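> Could you look at this predicted model? Sequence included:
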Protein chains: 2
Amino acid sequence: MSGPAKRVTIRDVAKHAGVSVATVSRTLAGDYPVQPATRHKVLQAVGELDYVRNAHARALSVAAPGAVAIVINSVATAYYSYIAQGVEEQATAEGRLCLICTTGGDPRRELAVVQMMREQRAEAVILVGSVIQDDDYKRRMTRYAHSLAASGSCLALCGRPPLGDGVPAFTVGFDNTGGAHAITTHLLSAGHRRILYLGLRPGQSTSDSRVAGYRTALADFGAVYDPELEVGCGYDRSSGYAAMKHRLAAGAGDFTRDFTAVFAATDVIAAGAFQAIREHGLRIPDDISIVGYDDTPPAEDIGLTTVHLPHAELGRAAVRLALSGKNPLVEAPITLGTHIVVRNSVKRVGSVR
Amino acid sequence: MSGPAKRVTIRDVAKHAGVSVATVSRTLAGDYPVQPATRHKVLQAVGELDYVRNAHARALSVAAPGAVAIVINSVATAYYSYIAQGVEEQATAEGRLCLICTTGGDPRRELAVVQMMREQRAEAVILVGSVIQDDDYKRRMTRYAHSLAASGSCLALCGRPPLGDGVPAFTVGFDNTGGAHAITTHLLSAGHRRILYLGLRPGQSTSDSRVAGYRTALADFGAVYDPELEVGCGYDRSSGYAAMKHRLAAGAGDFTRDFTAVFAATDVIAAGAFQAIREHGLRIPDDISIVGYDDTPPAEDIGLTTVHLPHAELGRAAVRLALSGKNPLVEAPITLGTHIVVRNSVKRVGSVR
DNA sequence: TAAGGCTTGGTAACCGATTACTAGGAGGTG
DNA sequence: CACCTCCTAGTAATCGGTTACCAAGCCTTA
């Protein structure tokens, strides 16, 4: 209708209402006594002019609450999106704006994003997702932590390993070792002794913790540890499918199948493995038992026994911690507990009672 | 280490480098000739002081590119999170910051969010997700559209019905009617005549379009339309389960089952229905055929034939359009096509050749 | 009635960057 | 040598709020 949208400023409102800018500002802030009549004039002018405060100008003059930034591989993955949901909820609950950036796992984008967040004066930057934990990674994170701290921001790692002492970053993660230990024990108690671990990825933090839990559970139970039973596999459905297919094909005929159960590192891998197992003519859980990890969508639908992770709580905890004002240098990493969800993918084997 | 984080300003850099603020600003902008020696001094000072530009101050003085805001029910739902991913990708590709807000479907939060986005001077606000399309809704959206337009922002509706002429908002959606028509026809061609539609929700935009496609497909095929075959059902797994369970229980024994196939309004509903059907002792697709809609995670895992939606492309298209500078008043709604993904949940019935 | 307190509102100096305008210095030419 | 041009760098105004400081008005009280 009208031509180019004109910006209405607080000075316009003041003029329109016949008062000073200070009065307008104070009326809107509501923290200063203003005569009802004056207040009314101001609010009326605001309404008539459709005045909206400029958040940038505001941020410049007062120490407005900073935004929370979530930096994540992708939001189109259940595991990540659940955590993102928790982050967003908590950020909103604490009255913060929530910025979101996906990196696709690219370190260059990650760096650019961290830099951008410093410019935005974000109060907290939440880095989500497991990673290859090499020296380059640690150096990168350490640099981010220091530079964010230098500009008054605060770094929180979500589902990633701690960076160690002297690095100003909070860490919140799942008890992956504990969860893996529990679900492995669940299989062991059901009589399984040879359990295939599907999803080995040396160096990848999440994978490493889960494998560790698997191994100690075997040891604690007095079962034999066989490296042959740990197979590498990408963290997606098709990798799980391919890896399982390959393993089943390796020993043609059932004689040579050297495992009775499968522990898939994630539910998504398990879903792929499910399909491969079915296509191989085997039934779950009658012929093979299988468990997953994460309790993400496919699990319920395919009846998978798995480890439930409090994803949203992880996100919320990270935000709470990052905004708590606590000193990241002295705060210990937080580990969130997990629990097993029993469905219908495990069957007891061997000598029953 | 050092006490409270001190903000380094451009003046500090200028002083440190022994030049003026203008020179620093121009060196960093890179759009103005600066002597190599001077440039070097400036960059060195920037490095030593770890200077970071203040995005708020910058936004205040120049018309910096505005952010893209995505307003969504929840990110922990595959359908939404896929769209969000597309929005984020495109926003980043166009050099914009991406803000995210979840509303949980609460109109009050929605209003607060839109107001906040005006304050943030967001350049585009993308509202995602289907809604109950009543008068209140239309009034609300119309108000948002106008107020955002008044502050120079731009509203885009994603997967929602258009608001009509005279309202400055872009609309991008899926061809739900076409997709529903296609998948219904798929069932009809397989010999099914009595198809249960699971997920009726009068007034809900997405549901309405899908039902419409279902009905016209029946009509086009010359099949009988029976309102009894359209059953209401929430858009979550447990509702699908409950509704199917109830329907199957209604006619005890197979004699009275008055349908041979099920068209679930979403894959999630289908997943619930799957379970109910199985628990009732029926096999899919041998005893009952079933199709879904959306092509979200459970679909692949349970072998569901469904309608694939280009979720991410929807998000990208919305952002592209909103940032295109086109006039939302004259731009026609965009509708994205869909296609059927055939898996293993439909079986031919009736007289076979 | 004058002095002092309390309330309310205005003026102007910030926040931190950008940039129009201006000025000084180097180099070229008559 | 004087003058002009070109290049580079500095000064100060500006973006749109907030708020410290100040002043005017009203009411109370001696």
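Everything's here; your move.
> DNA strand C contacts on chain A?
Taking C-beta under 7 Å from any atom of the strand as the criterion, the neighbours of DNA strand C within chain A are A:18-23, A:33-35, A:37-38, A:57, A:60-61. Where you see a C-beta, it was placed from the backbone N, CA and C, and this is true even at glycine.
> Most widely separated two among these?
A:Ala37 and A:Leu60 (31.5 Å; C-beta to C-beta).
> so where's the stretch 251-353 of chain A shaky on pLDDT?
For the stretch 251-353 of chain A, the stretches flagged by pLDDT under 70 are A:251-256, A:351-353.
> Could you measure from the closest residue to DNA strand D within it over to A:Glu94?
Nearest residue of the stretch 251-353 of chain A to DNA strand D, counting by C-beta to the nearest atom of the strand: A:Gly325, 19.4 Å away. Between A:Gly325 and A:Glu94 the computed distance is 12 Å (C-beta to C-beta, to the nearest Å).
> Between the two, tell me which one has more neighbours.
A:Glu94 (16 against 7; other C-beta atoms under 10 Å in any protein chain shown).
> how many neighbours does A:Glu279 have?
Count around A:Glu279 with other C-beta under 10 Å applied: 12.
> Is chain B within reach of the helix or strand A:Gln115 falls within?
Counting by DSSP states H and E, the element that carries A:Gln115 is helix A:107-119. Yes - against chain B, helix A:107-119 shows contacts by C-beta under 8 Å from any C-beta of the partner chain at A:Gln115, A:Met116, A:Arg118, A:Glu119.
> any idea which of those has the most stuff around it?
Ranked by the number of neighbours (other C-beta under 10 Å), the residues of helix A:107-119 next to chain B place A:Arg118 first, at 23 neighbours.
> so where's chain A uncertain?
Short version for chain A, where the test is pLDDT under 70: A:1-6, A:251-256, A:351-353.
> Spell out which residues of it are next to DNA strand D.
With C-beta under 7 Å from any atom of the strand as the criterion, chain A comes near DNA strand D at residues A:7-11, A:21-22, A:25-26, A:28-29, A:51-54, A:57-58, A:60-62.
> sec struct for the residue of the stretch 151-300 of chain A found nearest DNA strand D, please.
DNA strand D sits closest to A:Gly152 of the stretch 151-300 of chain A, with a gap of 17.6 Å, by C-beta to the nearest atom of the strand. Following DSSP: H, G, I helix; E, B strand; the rest coil, A:Gly152 is assigned to coil.
> A:Ala37 and A:Leu60: which is more packed in?
Set A:Ala37 next to A:Leu60 and count neighbours by other C-beta under 10 Å: A:Leu60 wins out with 17 against 8.
> Contacts only, for the more buried one.
Residues counted as contacts of A:Leu60 (C-beta atoms under 8 Å, 6 or more residues apart in numbering or on different chains) are B:Asn54, B:His56, B:Ala57, B:Leu60.
> Let me know the helix or strand that it is in.
Assigned by DSSP H and E, A:Leu60 belongs to helix A:55-61.
> ok, now which ones touch the nearest residue to A:Ala122 once chain neighbours are set aside?
Of all residues not flanking A:Ala122 in the chain, A:Ala69 sits nearest, at 4.4 Å (C-beta to C-beta, 6 or more residues apart in numbering or on different chains). Shown in contact with A:Ala69 (C-beta under 8 Å, 6+ apart): A:Cys98, A:Leu99, A:Ile100, A:Cys101, A:Val113, A:Met117, A:Gln120, A:Ala122, A:Ala124, A:Val125, A:Ile126.
> tell me which of the residues of chain A next to DNA strand C is nearest to B:Arg316?
A:Ala57 (31.8 Å).
> how near is the closest one to A:Pro107?
Distance check for A:Ala57 against A:Pro107: by C-beta to C-beta, it reads 35 Å.
> now swap in A:Glu94 and tell me
Relative to A:Pro107, and taking C-beta to C-beta, A:Glu94 is found at 29 Å.
> And for A:Asn327?
Applying C-beta to C-beta to A:Asn327 and A:Pro107 gives a distance of 28 Å.
> more crowded one of the two?
A:Pro107 (12 against 9).
> hang on, isn't A:Gly213 packed against A:Ala180?
Yes - using C-beta atoms under 8 Å, A:Gly213 is in contact with A:Ala180, at 2.7 Å.
> Looking at these two, which one has more neighbours?
Neighbour tally, A:Gly213 and A:Ala180, criterion other C-beta under 10 Å: the higher count belongs to A:Ala180, 27 against 24.
> mind listing what that one touches?
A:Ala180 makes contacts with A:Ser209, A:Arg210, A:Val211, A:Ala212, A:Gly213, A:Tyr214, A:Ala217, A:Phe263, A:Tyr293, A:Val307, as judged by C-beta under 8 Å, 6+ apart.
> Do any residues in the strand or helix carrying A:Thr171 lie close to chain B?
Element membership for A:Thr171, per DSSP H and E: strand A:169-174. No - Strand A:169-174 does not reach chain B (C-beta under 8 Å from any C-beta); its nearest approach is 14.6 Å.
> Residues in contact with that strand: which ones?
Counting by C-beta under 8 Å, 6+ apart, A:141, A:145, A:154-163, A:309-310, A:314, A:317-318, A:321-322, A:326, A:328, A:331, A:333-336, A:338 sit against strand A:169-174.
> Now restrict those residues to buried residues only.
Among the contacts of strand A:169-174, those classed as buried by neighbour count (16 or more other C-beta atoms under 10 Å in any protein chain shown) are A:141, A:145, A:154-163, A:309-310, A:314, A:317-318, A:321-322, A:328, A:334, A:338.
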